[in-house]
Structure formats: C-alpha cells, structure tokens
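*Asks:* Using only what follows, build the 3D model:
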Amino acid sequence: MGKVLWHVAMSLDGFVAADGHAMDWMSGVHVTPGVHEESIARVGAILGGRSGFDALAARAPGKVARQPYGGAWSGPVFVLTHHPEDAQPEDGVTFLDCDVREAVEIGLAAAAGKDLELHSQDIARQCVELGIVDEFVVHLMPVMLGSGVRLFDNPGGKPVRWDRVHDGDPALAVDLRYRLAAKR
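*Replies:* Numbers count the residues shown, from 1 in each chain. Below is the predicted model:
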C-alpha cells in the first residue's frame, strides 16, 4: 500500500503558492538533483482541492491537471469539491464530493500501490488532523513571497510532531523530509 504524501515547495516565509495560487515564483529556483525524478517514480495519484484547481485552470485551460511536475508525471488526479456539478470537466481528472478520509481511500486505491500526493493545503491540514499523512516532504526555496497560500494554517490547533527522514543538499535548496512522530 502506498503512503499519503504531503509534498510541497515552500518560500522562506512559509507560503506554498503566491496570491491566487500562482506558482510562477518557482521559476529559476532548483531543487536537489534527482528529487523530481524520485517523486515522479513514487506518486501514483494526486488529490487536490477545488480552489487551487480552478485557479490553475484559469491560467492554463485544457491542461490535464495543470501538468504536475512540468508534465513529466501522468496518472489519476482527484479534485475534492462540494460542487462537482459545476466543475469544468478535464481528461484524467475525477471530481469527488465526499469527506477527506474517503477521498484519500479512493486516491490510494487508484495509486495502485504507489503514493497519493496531496496538492491542497486545506486537504493536507485535514489529513494531518485525522492522523493520516504518512510523510511530509518540503523543499525550502530561497525566496520570500510576502503573501499567498500558507503551508499550514490551523489557528488554535495542537502541535504536530514529525521525525526527520533525511537531509538534502543545502547548496541548492534545503530539502526536509519528515514522518509522523511517535506519540510522546
């Protein structure tokens, strides 16, 4: 069975997307060699949210799930929404109207033994609260955005502890990988 993987690139000031879910801030910034290839090999399906999907669709109409990993990855994409009836259909994308846990189960089944990657900070937050994120990978990018979509916005929530998996090459970007820590 694959893992539930929360995988993001983050600015130094804690944003994973600029205003309007824009991702152009990543242009010219590189992650450690081999990181994308490793990710592409382990991801079997993607679960995202409607607001991010719609924002990306407005900038890149007709692109299957806005081409994750620059088009180097392909597979099933699921978008969790309360209103699938008004979603713009797209090849390779399935719109789900269910709770987060069920959406994760559907995504893991479709991933066929590979990982389900979360592409929504709100969905990731809910999965963290449910204790169903197996691994968290963040690439700390050398840029400050000032505003946008925060990595983890959970005012009043309890601290969540993670155990480090490995260190990356700090010469390019700091790659941090954690797994959920044992109860303390």
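*Asks:* Might you list the low-confidence residue ranges for this protein?
*Replies:* Counting by pLDDT under 70, the chain contains low-confidence residues at 59-67, 166-178, 180-181, 183-184.
*Asks:* ok, residue 157 to residue 125 distance?
*Replies:* Residue 157 sits 8 Å away from residue 125, going by CB to CB, to the nearest Å. Where C-beta positions appear, they are placed from N, C-alpha and C, glycine not excepted.
*Asks:* All the helices of the chain, residue numbers only.
*Replies:* Using DSSP state H, the helices of the chain run over 35-42, 50-59, 100-111, 121-130.
*Asks:* closest one to residue 142 among the ones you listed?
*Replies:* Shortest distance between residue 142 and those, using CB to CB, is found for helix 35-42: 15.0 Å.
*Asks:* Just give the closest residue to the spatially most central residue of the chain, not the sequence neighbours.
*Replies:* Among the residues of the chain, the one closest to the centroid is residue 119, at 2.8 Å (CA atoms, centre = their mean). Nearest residue to residue 119 in three dimensions, chain neighbours excluded: residue 48, at 3.8 Å (CB to CB, 6 or more residues apart in numbering).
*Asks:* Repeat that for residue 113.
*Replies:* Nearest non-adjacent residue to residue 113, counting by CB to CB, 6+ apart: residue 2, 5.6 Å away.
*Asks:* Look at the one you found and say how many residues are nearby.
*Replies:* For residue 2, the neighbour count with other CB atoms under 10 Å is 20.
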